[in-house]
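Chemist: Dropping a prediction and its sequence here:
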Amino acid sequence: MENSDSMFYGARPAIFEKAKMLRLSMTQHEKMLWQELKLNKISGLRFKAQHPIDTFIADFYCHKIKLVVEIDGDTHNSTHQTEYDQNRTSIMQNLGITVLRFTNGEVENGLTDVIVNITDTCNLLINRVDTTKK
């Protein structure tokens, strides 16, 4: 694995191609959240959609504060997928990345609450980044 200073954590070309395809076919809920994350709307931070990280593709990623935001649809309800998601989150956390997960329902029915949660987490992580630079 590449060192964690790279925003891609050693992702291979095939992952970049898959990410590009996923950006072109985002789900309705990803599009809803993307409207709120793009153009540095949250705390002036730049998020990237469908961002390669190692062997994974994060729904949304902010490298400055190492934050991944994932939106989980119904397919994430199976035992197998839940275990996969937990493993994936653990690997990202080992890379120093914070992972927030929301369901489609949370995005659809409580987008304002989702944005508040993301903003609060961003501000916490910004403060953490700022204090480690001093």
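Modeler: Cool, the structure landed.
Chemist: so Asn123 touches Gly44, yeah?
Modeler: No: Asn123 is not in contact with Gly44 according to Cβ atoms under 8 Å; the separation is 10.8 Å. From N, CA and C alone the C-beta is placed, and that goes for glycine too.
Chemist: Now do the same contact list for Gly73.
Modeler: By Cβ atoms under 8 Å, 6 or more residues apart in numbering, Gly73 lies in contact with Thr27, His29, Thr103, Asn104.
Chemist: ok, now with 10 Å
Modeler: Shown in contact with Gly73 (Cβ atoms under 10 Å, 6 or more residues apart in numbering): Thr27, Gln28, His29, Glu30, Gln81, Thr103, Asn104, Gly105, Val107.
Chemist: Please flag which of these sit within strands.
Modeler: Of the positions in the contacts of Gly73, Thr103 sit in strands, assigned by DSSP state E.
Chemist: Please identify which of Asn123 and Gly44 sits among more neighbours.
Modeler: Asn123 (14 against 9; other Cβ atoms under 10 Å).
Chemist: Doesn't Leu100 lie inside a strand?
Modeler: Yes: according to DSSP: H, G, I helix; E, B strand; the rest coil, Leu100 belongs to a strand.
Chemist: What is the burial count for it?
Modeler: 17.
Chemist: And it, how far from Lys66?
Modeler: 12 Å (Cβ to Cβ, to the nearest Å).
Chemist: Likewise for Arg12?
Modeler: 20 Å.
Chemist: Look at those two and report which has more neighbours.
Modeler: When neighbours are counted by other Cβ under 10 Å, Lys66 comes out ahead of the other of Arg12 and Lys66, with 20 against 12.
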